[in-house]
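Visitor: fold the following.
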Amino acid sequence: MENITIRDDFIKLGQALKLAGLVSSGIEAKIVIQDGEVKVNGETDTRRGRKLYTGDTFEYNGQQVMVNKA
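Guide: Sure, this is the predicted structure:
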């Protein structure tokens, strides 16, 4: 499992996908999220603005990432 580190209290799902390098743009993030290809804490989530907090995990294309706080 990979990790991303955030400075704020949360990060939005679309931003997290970009930060983790799983998508190359916000447009790509929007598409894969809306198509139901992304899971948050094991459940499919289609909200690009979904807030992720420390300890949350998200998964796309077989890669799982955990959110950590700096």
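Visitor: could I get the average pLDDT for the biggest helix by length in the chain?
Guide: With secondary structure taken from DSSP state H, the chain has its longest helix at helix 26-34. Average pLDDT, helix 26-34: 97.
Visitor: what does that helix rub up against?
Guide: Helix 26-34 has contacts (CB atoms under 8 Å, 6 or more residues apart in numbering) with L13, G14, Q15, L17, K18, V23, V38, D45, T46, R47, R48, Y60. Where C-beta positions appear, they are placed from N, C-alpha and C, glycine not excepted.
Visitor: would you mind measuring from the second one to F58?
Guide: With distances taken as CB to CB, to the nearest Å, G14 is found 11 Å from F58.
Visitor: more neighbours, the two?
Guide: Under the criterion of other CB atoms under 10 Å, the comparison of G14 against F58 puts F58 first, with 25 against 22.
Visitor: my read: that one touches A16, true?
Guide: Yes - applying CB atoms under 8 Å as the test, F58 and A16 come out as touching, 6.1 Å apart.
Visitor: intersection of neighbour lists for these two?
Guide: What both F58 and A16 touch, as defined by CB under 8 Å, 6+ apart, is the set L52, V65, V67.
Visitor: any chance of TSV for the residues you listed, columns neighbour count and secondary structure?
Guide: Output for the shared contacts of F58 and A16, formatted as TSV (neighbours: other CB atoms under 10 Å; DSSP: H, G, I helix; E, B strand; the rest coil):
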residue	neighbour count	secondary structure
L52	22	strand
V65	21	strand
V67	20	strand
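Visitor: nearest to E2 among those?
Guide: The shortest approach to E2 among the shared contacts of F58 and A16 belongs to V65, at 4.8 Å (CB to CB).
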